[in-house]
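Colleague: Here is my input, please return the structure:
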Amino acid sequence: MPDLFVSTTPLDQRAKPLVDQLTWEYVTRYGSYFGDPPGAEMTRYPAELFAAPDGHFLLLLRDGVAIAGGAFKRFDAKTAELKRVWTDTALRRQGLARRVVAELEAQAVRQGYERAYLTTGFRQPEAKGLYLGLGYTPLFDLEVDPETYGILPFEKALPGAALRQTGRQRSAA
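Modeller: From the prediction side, this is the model:
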């Protein structure tokens, strides 16, 4: 059976193992470095922010089990903020996160967004490499020690958004 993307919510029980892994990752890499209790990032946003019409939450399932997932929420009228992109730790290095980000970007375009924004932490060099490899522009100096920033922001014009805009302009003419 091929892998399958499903749209759902962060409260979906199939997401729980991934959410637990991501929480553990934040706890072990950052602890209370940012001044919040360890793992506080995972409870910062209510599930409703990741629901339509402004947001989206998806899981990538293999044989009915969540192997990766991610979400976005509204950052501003034209920008989706990607959050919670995660791959099961036992299944890394298979391109699953790339697939999740591509699906999130496509969904964001379908929901009318033109740009993606995201942040990752300075102790997540794998995420930094992923986003650079996917064409995201760092909004920080790559030559500076990332701990100087703490949070590393990125942005990207969404593939297909320009075509969608052009089609919208033509149909309005």
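Colleague: what bits of the chain have low per-residue confidence?
Modeller: Applying pLDDT under 70 to the chain flags residues 162-173.
Colleague: Go again with 90.
Modeller: Across the chain, the ranges flagged by pLDDT under 90 are 1, 31, 33-43, 159-173.
Colleague: any chance you could map the helices in it?
Modeller: For the chain, the helices defined by DSSP state H cover 16-30, 96-110, 125-133, 161-172.
Colleague: which strands and helices sit next to whichever strand in the chain runs longest?
Modeller: Ranked by residue count and defined by DSSP state E, the top strand of the chain is strand 65-76. The contact analysis (3 or more CB pairs under 8 Å, 6 or more residues apart in numbering; DSSP states H and E) places strand 65-76 against helix 16-30, strand 56-62, strand 79-87, helix 96-110. Glycine gets a C-beta too; all of them are placed from N, C-alpha and C.
Colleague: now do 10 Å
Modeller: Contact here means 3 or more CB pairs under 10 Å, 6 or more residues apart in numbering; DSSP states H and E; on that basis strand 65-76 packs against strand 4-7, helix 16-30, strand 56-62, strand 79-87, helix 96-110, strand 115-121.
Colleague: Identify each buried residue in the shortest one, please.
Modeller: For strand 4-7, the buried set under the neighbour-count rule, 16 or more other CB atoms under 10 Å, comprises F5.
Colleague: Then the fifth one?
Modeller: Neighbour-count burial for helix 96-110, with 16+ other CB under 10 Å as criterion, is recorded at 96-97, 99-101, 103-105, 107-109.
Colleague: What of the last one?
Modeller: The neighbour-count check on strand 115-121 (16+ other CB under 10 Å) flags 115-121 as buried.
Colleague: Perfect, that will be all.
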